[in-house]
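> 3D model of this:
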Amino acid sequence: MATRSVLCIDTGNGQIRWRRDFPYKDYRMHRDNDVASATPTVDADGVVVVWSTPDQLLMLAFDLNGKPMWERDLGPYKGLHGSASSPIIDDDVVILANDQMHPKRMARYLPKNASMVPGKSFLIAVDRMTGKTRWKVPRHTELAGYATPCVRRVDGGRSEVIFTGTAHGITSVDLATGKVNWEIDDVFASRTVGSPQLHGELVFASHGAGLAGQRFVAVRPKRVGNIIKPEVAYEITRSVPLVPSFVVKDGLLFLLADSGIMTCVDAPTGEMHWRERIGGESYSSPVWVDNRLYCVSKRGEVVVIAAEKTYKPLARIQLGEKCFSVPAVAGGVMFFRTQSRLFSLGGKAAD
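Residues are numbered from 1 along each chain as shown. Take a look at the predicted model:
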């Protein structure tokens, strides 16, 4: 049997502080996916991890010393390419999107005797310290989704969680109660992978198929009396990201397409400032540090460009092997995870 692991690594010297291993049986997934695609989420109390197999979608919590806190079996997972949606922590809950696959949508890729029973899709929030369900929202099942949700602060100090998916488009769920606040369900015809982002009152999201994005939308949740009616403020259909998520900073929106083409637009209006091919194909999302964007190609080339209205390339760095993950930044250090290595690159980052 194969093994999947959770490791805690000392950021100062790279030594492993603790490790927890979990055996599993190999199963079919996309050639570029693996069991570690979902990113762990961390807070002052520890770490929460999500694993999936066809038999089990498992959520695990450990304290900072690696001691198990709780475990939740969320049922079987049905997805031709495997899973990837990551949990997030906000306030005192852990939130996860679980959009699974309807086999009829992928029938031509399945064996002739494959079951046509759809997976059971839902959105869920569990108590951070116990793992007990706070709320659970059923979802229609079409295509497996891979987007990680985000939290939006609204009037009155309330918080809503923004989810994206093929069947439901963009959905707002009240963080405290699980009530659906609003939804715009006619914006996506295919798979959602990149995570939604926010700017002011706008919600950004995209969808696509194969190796390319097809449509990016900026949605405005417009209030009409006591009802919220979301509307598309603008859209982009050229060089749209499918897998990479977006970066919004200082009124600028940066879109890195899977093909390696980056577009910079005005975030409130969608007015384009520039579009350039910056490098090779990418799964990794760009990250913003000290007015620079760091973009990693599948081949492991890090391209650094200025996060400005004018295109300005700054540097190219070779990691030496394939890289599909997003760099992490903490304490003035940038961490890159490649196929077989974890790199720690120093340099003081901006606050």
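
> Contact partners for the residue nearest to residue 240 when sequence neighbours are not counted?
Nearest-residue entry for residue 240: residue 213, 3.2 Å, with adjacent residues in sequence omitted and distances by CB to CB, 6 or more residues apart in numbering. From N, CA and C alone the C-beta is placed, and that goes for glycine too. For residue 213, the contacting residues are 194, 206-207, 239-242, 257-258, taking CB atoms under 8 Å, 6 or more residues apart in numbering as the criterion.

> hmm, try it at 6 Å
With contacts defined as CB atoms under 6 Å, 6 or more residues apart in numbering, the neighbours of residue 213 are 206, 240-242.

> out of the residues you listed, who has the most neighbours?
Within the contacts of residue 213, neighbour counts (other CB atoms under 10 Å) peak at residue 206, which reaches 30 neighbours.

> tell me the SS of residue 108?
Classification of residue 108 using DSSP: H, G, I helix; E, B strand; the rest coil returns helix.

> State the distance from it to residue 114.
Relative to residue 114, residue 108 is positioned 11 Å away (CB to CB, to the nearest Å).

> Just after the strand or helix carrying residue 152, pick out the following helix or strand.
Assigning secondary structure by DSSP states H and E places residue 152 in strand 150-153. Reading on from strand 150-153 to the C-terminus, the next helix or strand found by DSSP H and E is strand 159-165.

> Going by neighbour count, list what's buried in that next one.
By neighbour count on 16 or more other CB atoms under 10 Å, the buried set for strand 159-165 is 160-165.

> What separation is there between residue 235 and residue 172?
As for residue 235, its distance to residue 172 is 19 Å (criterion: CB to CB).

> and these two? which has more neighbours close in?
When neighbours are counted by other CB under 10 Å, residue 172 comes out ahead of the other of residue 235 and residue 172, with 22 against 14.

> circling back: now the strand holding residue 152: how far from the chain's centre is it?
14 Å (CA atoms, centre = their mean, to the nearest Å).

> Low-confidence ranges, the stretch 251-351 of the chain, go.
347-351 (pLDDT under 70).

> what are the ranges of the strands in it?
Under the criterion DSSP state E, counting those that start in this stretch, the stretch 251-351 of the chain contains strands at 252-256, 261-266, 272-277, 287-289, 292-296, 301-306, 313-318, 328-330, 333-337, 342-345.

> and if you look at the stretch 51-200 of the chain?
56-62, 68-73, 88-90, 93-98, 121-127, 133-139, 150-153, 159-165, 169-174, 180-184, 197-199.

> circling back to that earlier point, now intersect the contacts of residue 213 with the strands, please.
Those of the contacts of residue 213 mapping onto strands are residue 206, per DSSP state E.

> Contacts only, for residue 131.
For residue 131, counting by CB under 6 Å, 6+ apart, the contacting residues are 70, 72.

> I'd like to know how far it sits from residue 49.
12 Å.

> if we can go back for a sec, partner strands of the one helix or strand the residue nearest to residue 240 maps to, parallel or antiparallel?
Using DSSP H and E, residue 213 falls within strand 212-224. As defined by DSSP bridges, the strand partners of strand 212-224 come to strand 202-209 (antiparallel), strand 227-236 (antiparallel).

> What angle do strand 261-266 and that strand make with each other?
Relative orientation of strand 212-224 versus strand 261-266 (axes from the mean of the first three to the mean of the last three CA atoms, to 10 degrees): 20 degrees.

> buried ones in strand 212-224?
Within strand 212-224, the residues that qualify as buried by neighbour count (16+ other CB under 10 Å) are 213-221.

> any chance of the residues you listed in JSON lines, with distance to residue 323 and pLDDT too?
Putting the buried residues of strand 212-224 into JSON lines (distance: CB to CB, whole Å; pLDDT from 0 to 100) gives the following:
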{"residue": "213", "distance to residue 323": "20", "pLDDT": "95"}
{"residue": "214", "distance to residue 323": "25", "pLDDT": "96"}
{"residue": "215", "distance to residue 323": "27", "pLDDT": "97"}
{"residue": "216", "distance to residue 323": "24", "pLDDT": "97"}
{"residue": "217", "distance to residue 323": "29", "pLDDT": "98"}
{"residue": "218", "distance to residue 323": "29", "pLDDT": "98"}
{"residue": "219", "distance to residue 323": "31", "pLDDT": "98"}
{"residue": "220", "distance to residue 323": "35", "pLDDT": "97"}
{"residue": "221", "distance to residue 323": "36", "pLDDT": "94"}
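
> Residue 95: which of these is nearest?
Closest approach between these and residue 95, by CB to CB: residue 221, at 18.8 Å.

> correct me, but the closest one touches residue 229?
No. Shown here, residue 221 and residue 229 do not form a contact pair, counting by CB atoms under 6 Å, at 7.9 Å.

> Identify the residue nearest the geometric centre of the protein.
Ranked by distance to the mean C-alpha position of the chain (CA atoms, centre = their mean), the top residue is residue 148 at 3.7 Å.

> thinking again about what came up before, which one of residue 108 and residue 114 is surrounded by more residues?
It is residue 114, of residue 108 and residue 114, that has more neighbours when counted by other CB under 10 Å, with 12 against 5.
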